[in-house]
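> coords please:
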Amino acid sequence: MLTVAVLISGTGSNLRALLEAAADPRFPARVIAVGADREADGFAHAEAYGIPTFLVPYEQFDSRVAWGEELTAQLAVWSPDLVVLSGLMRLVPPAVVDAWAPRLINTHPAYLPEFPGAHAVRDALAAGVTSTGASVIVVDNGVDTGPILAQERVPVLPGDDLHRLHERIKPVERRLLIDVVRRIANGELDLVVASVPPSSESSASITETP
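Sure, this is the predicted structure:
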């Protein structure tokens, strides 16, 4: 059984979807802890499912490095097999990435490498594109530059605004996240192999084992 820790900042809609999936005894992963960088409404989802929570408030640390050290220490208490960033609205420091990658994944509301960063949906609308998407990636020390594990296109429709488009992207993000976690747990997706740089002989972003 794959054990998962989830890090959030806000309402935790992806977290809720993952908890619902994991409540099925046939799902091969379990969320064992939920952490946040601030008091987050998403903690209510964890509490509803009886999942322990922990808080590492960013503003209480004198540097991003110090915050990252405490976050790493808190995660180490739970020793999860996988760490999921689920709406964590903060770049994790290199020390956190070094400690957990490639077992550190994130969702993003765009078809990467298109529209990285915190305003992906707004940027897609501003660019006037006809489609954007959702992606699940391995976290590295760049801004949404890690190896892509799964992604799917979402059309931009006439009359779309920020809210309407984002609401159509969110269910795709959730479905991709749940599927990636399931595939990792079942051994169908090897994060180590998937994280090999594209310049190597194994250049596929998505790697499945027989």
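> and the next element down the chain from the helix or strand hosting residue 166?
Here residue 166, judged by DSSP states H and E, is contained in helix 162-185. Toward the C-terminal end, the helix or strand that comes next after helix 162-185 (DSSP H and E) is helix 191-194.
> got the buried residues for that following helix?
Using 16 or more other C-beta atoms under 10 Å as the test for burial, helix 191-194 gives 191, 194. Yep, even glycine has a C-beta here, placed from its N, CA and C like the rest.
> which secondary structure elements does the helix holding residue 166 contact?
Judged by 3 or more C-beta pairs under 8 Å, 6 or more residues apart in numbering; DSSP states H and E, helix 162-185 is in contact with strand 2-8, helix 13-22, strand 29-36, strand 82-85, strand 104-108, helix 120-127, strand 131-138, strand 148-155.
> in it, what counts as buried?
Quick answer for helix 162-185 (16+ other C-beta under 10 Å): 165-166, 168-170, 172-174, 176-185.
> Repeat that for stretch 130-144.
With the criterion 16+ other C-beta under 10 Å, stretch 130-144 contains buried residues 132-140, 144.
> Please give the centre-to-centre distance between it and its chain.
9 Å (C-alpha atoms, centre = their mean, to the nearest Å).
> before we move on, back to that, could you dump the helices and strands packed on helix 162-185 into JSON lines with mean pLDDT added?
What follows is the helices and strands packed on helix 162-185, written out as JSON lines (pLDDT from 0 to 100):
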{"stretch": "strand 2-8", "mean pLDDT": "98"}
{"stretch": "helix 13-22", "mean pLDDT": "96"}
{"stretch": "strand 29-36", "mean pLDDT": "98"}
{"stretch": "strand 82-85", "mean pLDDT": "98"}
{"stretch": "strand 104-108", "mean pLDDT": "97"}
{"stretch": "helix 120-127", "mean pLDDT": "98"}
{"stretch": "strand 131-138", "mean pLDDT": "98"}
{"stretch": "strand 148-155", "mean pLDDT": "98"}
